[in-house]
Structure formats: structure tokens, C-alpha cells
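A.B. asks: Can you look at this prediction? I've put the sequence above it.
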Amino acid sequence: MKRKLHHIVLLSLALLLGVSCLLFEDKPLAVDGNLTIRLQFSAPSEEDSSLSVPVAGLDVLIYTRDYNIPELEAVTDSAGSVCFEGLPYAHYNVESHAVFRPNSYTEIEMVGAKSLILTVDSIGTDSVYSDTVMLEKSKRGLKINEVYTSGPPNNIFYFYDQFFELYNGLSERIYLDGMIFLRLRSSALDADTLSVTYIYQFPGTPGTGRQYPLEPGAFAVLAGNAFDHNLIGPIRGKTVDLSHADWEFYNMIEAGAYDNPNVPNLTSNNGRVSQASKVDFMVGLTGDGLALCDGTDYDQTDGIDCRTVIDCVEYSSSPDHIKEVPTALDASYGGVGQLKYAGQSLERIRPGFDTNNSAIDFVIISKPTPGYHHE
Amino acid sequence: MNKKTIASLLLLAAFSFAAAFENSLIRLPQFQDKTEEPLSAYALTGNPAAALCPENVQILRLGTAFSTLGYRRAYDPAATRLYRADFTTLRRIDDRSFFSTNISYDEYRQRDIFASMEKDFYDDYFSMIDSTVGNTAYYGPRLQILYNIRLTEKLFFGVEADYGVERSLKDTFPQTITIMRNSHYRAGFDYRGKRATLGVFGRYYDDQTHYEAVKQYSEVETKTYYGYNVYYNELATSTAKKRRTRNGLEYGGHAGFGSGTPVSVDISVSGLHRISRADLLRGSYTRERGLWQRQGVHLNGNLNWYPEEGPAAVRVYADYLAFEDWGKSMISNALVIENEEIRSRFGAMLVYRPSLAQQAYAGAEGGTVSYDYREYVFPFADVRGGFEWKFYAGAGIYLGAKTRTTFSLGYEKEIPRFYWNTTDFENIDVIINLEQLFSFGYINLSFEYISKKPANDLRTVESVAFGVSIRRK
């Protein structure tokens, strides 16, 4: 009996040790919050564009949307470098924006931005990360400035108040005549042409038309349905009045389609662009691709030539989204974390701010701002 | 053994201020219990082999406890209510073995919980919140079974199992459903010699909790905390699910000398380990968010002087608990939290027994605590320590031939953990029991009041509990 008991006790101890080895883990060596990011800011040399020179006195902003930690700002030193210490491993966006005056009569606006994915897996246990950010001269132009697609706060699945906002960042008037606005289908990331789901066109002649101007610094609102959506009971006071939109999407073969007679139309099936879809221009609530093209290539059967693209935006609420738009047009996608039916909208950080990287260019704002920019 | 006192104490334990269902890893012995005789090794350690069954007992208890948290932290409820019914039997099978069962059903309601999806936000370093304020009701049954057998003349073996399931629904948008399954299994040996007793025991602890928040119209916007100050923004989804898995081990031994004599000593030591994992479930994918481990050591002992002659008795006791936690982010695979806690207390109680029917006791205890809590994602540290003390007194008297009352008073200074805005609490507790003998058995009515007042705030935490128990004769 005693022998049996000894066996039971020994077996129990062995079992305890075995279970504890299986259950428990080793303490990690790397400590979060110790990350140092060193960035070198350079710009192309005025004398030789193949060379770069450090940029001193540049305001740099770094932030993460992963955690509720404050944004950090710093100024580059004389060597053009800046250092942020005591950061957690996370996804960061780096932004810098400056206006330089090489002489009394010249102003150069420069922007620099980068997206950094920093985890122990990506940089190892080395807690110092170094990188270079090249500043570019700001690309001013006609941009898709705001994308409101996610629907107002409601429980009736209402999302028909979608609109898109254009912004003319050029110093001169621009004409929208004949331009096309596209909802994109998935394309290869190195494709030369864009696959299209919907194609809608401004009236007028592409390139030479002068009927539909957009003044410098002006916004143009392209509404899915140009009426006051606040008139709908369940969403009263929660959404936008689009009755004064600048443009309205109108599908000529959509039965009973709403058409505000006071708002000019972007149309499909107008003789040049055509599509089989019998519904209005509607896009994914929290994920899709959009493009504004000059309209010189409007035959979507073989794809729209990427060289005609004026601006392109991809957005998705999912960080795991597989990119669908060629990287030459948009290096990433914006809108990660955007909520459906919460009245959120996507807008550029500053009017027309464009680095061809929507993850950096766009920010989620709590309510749509048709015809103006958020503060 | 004074059965009335047993019933009273069991009842009080059942309706104490603690939340209903949680099965904690660390077991702190109640040295004020059972003043009429030395505490058993089972009371000190929970070793089922050391449990005693002097006679068969059946107790039915019904009770409720209300608390109002005038002073509370961000994710504490404004008020709680606990309803409980339980039935306990202690029955001897033969002269070698006995078993005990306890079946209980709890309903625990929390009112006005701001955002937390957790039952106890401050019990986990990787807690999750959503965007709501609401009320939650937790309800479910629990079963405990203990079996003890004498293997040889001096060697006893015991096994104990505890299993419970609990569900909850938060009546807000998004609605949050919680399902908890909580169990522990304990086994041990106890050698009871003439001069000394010696025991070993082990315990396996398993806790599976599943949270699910379901959208009403807007998507569920959840955040996972890494500690108590920094959170990670989760992706908004139509349903947000979290799985918390906890597994733990406790193992130890105890020794006693002079059991059954006027002077006796008991000491015990145990080691404890627990791992807790928090995972987010999104669609068919599992996203690991964090894991944290706790390991520590727990020592306690008491010295009893209970002479057979004379009205006085003395109990001197000491308790030492030290553990450390570390938490790892499964997003960055780096250390994000460390916590170290040490508690030690030393106390003495004088018992005065002028007759079999009456007794009174008074005691005091004091000890040091130190907490060192650190978060690394965004640096935060809470390092505090100090001296805790408690004075208490109580008495039990017969009001008539069949009516007995007991009461106790306590006054305490407590240094709380994870309360950032106060240094200490001043606690007062009052317990009153009234027991009446009837032809079928005993009916006991109990009342308990606890007040906790923070050092620098006028708001308090108040708790009142009422209970009734019926014990068959």
C-alpha cells in the first residue's frame, strides 16, 4: 500500500511539473515603449537633381492610430535629422510640410511623408530604427479631396447620401468638361490600365471644353443623389444636405432614378461612356477604389489608360485589405478603421494634400464636410 | 464544534462583498473565522485531504447583497446586486470517507458600467471596452464536490472539483454577451500523526471566458487595453468577440504540530502560477492580443493556545504573499506590463470564553504592502506601499434557550491596488447574526454592512447584505 502511495505522490509531482512546462511561457526580452526612430530628411539639390541635401529646420509630425498616445512633433537639426524616443512598436505615419523661400521672390512648398510598420518581428530586438524621407515639391492639382461613403448613423441601412468632393489646388481655373469618374474593379498592382465597374462622365469635350470651370481653391461636390437627405425621418439631422451639390450622378437607364433638375449631371449611357448597370453610382461603404480621369480614354472595355488618371484613391476599413489599385496611382489605401453607419468621412489632411499614398493623405473625420474642409 | 457558528460563518462567506462567480487563484485565509477552536489545515490551505466531517450537515441558504459605488473608477459599475441560492451537504459515507457538495445559483447585476465588456475590468491587464454605458446581469449555476477518504490509519486523501457556467447580457447597443466556464480541481494527501500532521496538495485552475458584442446599427468599436492607460484601437466590426483563457497551478504543503493539544502550530507554503491569454476573434481568424503570467509564493501560519481549562485563548497568525506578473503584447511580441506585489500581515486575537454559551474576541493585525506596477507602451508607473492595519472584535451570546446572536465589528486601513486617485481606504464592517432553534432545525438571519471610504474623497463604497439560512437538525 505504501509503495502504491509513493507512486501516486511521485506521479502527481511529475504531472505538476509537466503541466507547468507546457502551460507557461518565457518572459520576453524586448521591452515595448523603448523604440527610437531616427529620420533623415533630404530634398533634391537645386544644382544637381541626382544629389540630395539635408533639410534643416523642418517641422516633423509623427503619429500612430494604433494606440491612444499623443502625436509627437520635432524640428530637424542642421544635418536634417530628427529623433523620436520612447515609442511603442506600432504603425506610424510621418508627415512634414514646409514652405521654403530661396530668395525674396520665390516660394517652394515641400512635403515629405512615410508610413512605417515597426514591430519586433519587422525590426528585431534592435530598438533603433533609422530611415530617410525624401521631400518632394508639393503636387498641386485637381484632387479627389473627400470621400463620404460610409452612411449616416442609422439602423435602416441607409447609405444613399454618398458624395465625393473635388478640390482645385492649381493656381488657375480648370475645366471639368468630359472628365470621367470611375468606380474601380481590382487591377494588377503594376497594370497600365484600370478595370472599371462604373463609369460616369461630365458633359462637354475632354481637353478642349470650356463650359464647366472650377476656380482655383474651389471645391466641387459630386452627389450620388442631390437632395436634402435630412428630410428622411430616421436620419433627420444626422446627415448632409446635398440639394445644392455641384454635380449629381444620374444613370439614364435606371428606372425611376432621382434627378434634381437644378443640379447638372454626370451620366452614364450618354453615347460615349456606357455600362450595363441599371443602378446609380454607388460605391462600397468602407472599401473601394475611385479615379478621376481626363476623359481622353473613355473606352472601358479594354480598361482606362493609367496615363489619363488625374487622381486616384483607394480606401478600406480593414488593415488586412489586399490592394486593388496599381501602386503607381496610390501606394496604399486610406480609411483603416472607418466605421459603417457612423457618419464618418474620409478627407485629405489639408486641401489637396497628395503624396500618392492614401494612408498618409487621408484622415477619418467624424462628419462629412461637403464643399469645405474640416478644421 | 459549534454548529451555529459554522452556519453563521458559512453564510457570511457566501454573501460577502466579493463578486459572485470568480474563482481566484490566490486563496487568502480568514484568520478571524472559527474563534471557538484552532483553525483547521483545510481552512488555511484548502487541501481537501485535510477537511473534517464531524457530523452530517445540510444547509439551504438564500441571500442578497447590494452595493453602491459612490466612489469608483472609470470602468467600475455604479452599483451591484447579488442574489444567491445555495444548498450544501456534508455527509459521511462510512467511517473512512465523506463527501461534501455545494450547488449554487447566482444572479449578479451591475448597473451603469461605462464601456467595459468585462465583468471586472481591473482583473485583467488586457481588458476590452466598447462604446456603451449599460447594465449587465450575470447568472449561472455552480457545483462543488469534495471527497475525502482515509487510505491508511494516518493517511488521508482528498479531491475537490468546482465547476460553474455563467452567462450575461448587457442591455445596451451594442449588446454584449458573456459566457464563462470556470473550474478548478484540487487533490491532496494529509498525514495525521500523533505529534504532527503533514500534507501536500495541488490545484489546477481553468477559466474560459467568451465575450461577444453585437452591433445594433453602427459597428462595434472596440479597444483592447494594454494595462489601464493605453489602449489599442481594434478594427470596427459588426460583431466583436474576445476569448480569455486562464490556466493556473497551485501546489504546496503544510505541517502542523500539537494538533488536539492546548498549544498547536500550523504552517503552510504554496507556489502559484497562472497564465492568462486574451484573443480577439474576427471572422474565422484569431488575433492574439496579449498574455500575462503570474507567479508567486504564499506562506502562512498560526500559533494557537486554546487550553481546555480557563476562559482565555489566543491565536497568533502571520501571512506572506508575494507574486509578480508580466504581460506580453502579442502584437509587438514585447514586454508591456510588469507588476510586483508583496503583502505581509501579522495578527493576534484574544478569545474570552466564560461559558460554553458565550464568547467574545478582540484582535488586531498589521502588515506592510508594496505594489510596483509598470506599463511600458506609454510609460506609466504606480509604486506605492505602506502599513495596513485592522482592529476587530465580536461576541456570541444566547438571548434565550433557543436564540443566539453573534456580532462583530471591524475597522481597517486598506491600501488599494489600481486606484490611482486615492492612497488608502478606511473600512468599517458590521456583521450581525440571529439564530433560532426550531423543531426541524435552525434558522439563521444575517446582516452585513461594509463601508469603504477613500482618504481624499467624501464619496464612499457601501455594501449591505442580507441572508437567511436553514440548517437541518
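C.D. replies: Perfect, thanks for sending it.
A.B. asks: just the helices in the stretch 151-300 of chain B please.
C.D. replies: Counting by DSSP state H, counting those that start in this stretch, the stretch 151-300 of chain B has no helices to list.
A.B. asks: same thing with chain A?
C.D. replies: Counting by DSSP state H, chain A has helices at residues A:2-23, A:120-123, A:358-361.
A.B. asks: Restricting to C-alpha, output the last one in CSV.
C.D. replies: If I follow you right, that is helix A:358-361. Coordinates of each C-alpha in helix A:358-361 appear next as CSV, following Å, rounded to 0.1, in the frame of the first residue of the first chain:
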residue,chain,number,x,y,z
SER,A,358,-3.8,57.5,-49.3
ALA,A,359,-2.8,56.0,-45.9
ILE,A,360,-1.0,59.2,-45.2
ASP,A,361,-3.0,61.7,-47.3
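A.B. asks: Where does the stretch 1-150 of chain A get nearest to chain B, residue-wise?
C.D. replies: Nearest residue of the stretch 1-150 of chain A to chain B: A:Tyr89, at 3.5 Å (Cβ to the nearest Cβ). Heads up, the C-betas are built off the backbone N, CA and C, glycines and all.
A.B. asks: Looking at that residue now. What's its pLDDT?
C.D. replies: What the model reports for A:Tyr89 is a pLDDT of 90.
A.B. asks: A:Tyr129 now?
C.D. replies: Here, the pLDDT recorded for A:Tyr129 equals 91.
A.B. asks: Tell me where the longest strand sits in chain B.
C.D. replies: Counting by DSSP state E, the longest strand found in chain B is strand B:128-150.
A.B. asks: for that one, the distance to its chain's centre please.
C.D. replies: Its chain's C-alpha centre and that of strand B:128-150 lie 13 Å apart, by Cα atoms, centre = their mean, to the nearest Å.
A.B. asks: try stretch A:165-184
C.D. replies: With Cα atoms, centre = their mean, you get 18 Å for stretch A:165-184.
A.B. asks: returning to that earlier point: hey, least reliable of the helices of chain A by pLDDT?
C.D. replies: Across those, the lowest-scoring stretch is helix A:2-23, with a mean of 64.
A.B. asks: got the residues of the stretch 151-300 of chain B near chain A?
C.D. replies: By Cβ under 8 Å from any Cβ of the partner chain, the residues of the stretch 151-300 of chain B that approach chain A are B:151-152, B:155, B:187, B:189, B:200, B:202, B:204, B:216-219, B:221, B:223, B:226, B:230-233, B:235-236, B:247, B:249, B:251, B:273, B:275, B:291, B:293, B:295.
A.B. asks: Look up the closest residue to residue 200, ignoring the ones flanking it.
C.D. replies: All of this refers to chain A. With sequence-adjacent residues excluded and distances taken as Cβ to Cβ, 6 or more residues apart in numbering or on different chains, A:Tyr200 is closest to A:Leu266, at 4.2 Å.
A.B. asks: I was thinking of chain B, sorry if that wasn't clear
C.D. replies: B:Gly253 (4.6 Å).
A.B. asks: was I right about the one you found contacting B:Phe201?
C.D. replies: Yes. B:Gly253 is within contact range of B:Phe201, at 7.3 Å (criterion: Cβ atoms under 8 Å).
A.B. asks: what touches both of these two?
C.D. replies: Both B:Gly253 and B:Phe201 are in contact with B:Ser270, where contact means Cβ atoms under 8 Å, 6 or more residues apart in numbering or on different chains.
A.B. asks: Neighbour count for those two, which is higher?
C.D. replies: Using other Cβ atoms under 10 Å in any protein chain shown as the criterion, B:Gly253 and B:Phe201 rank with B:Phe201 on top: 27 against 17.
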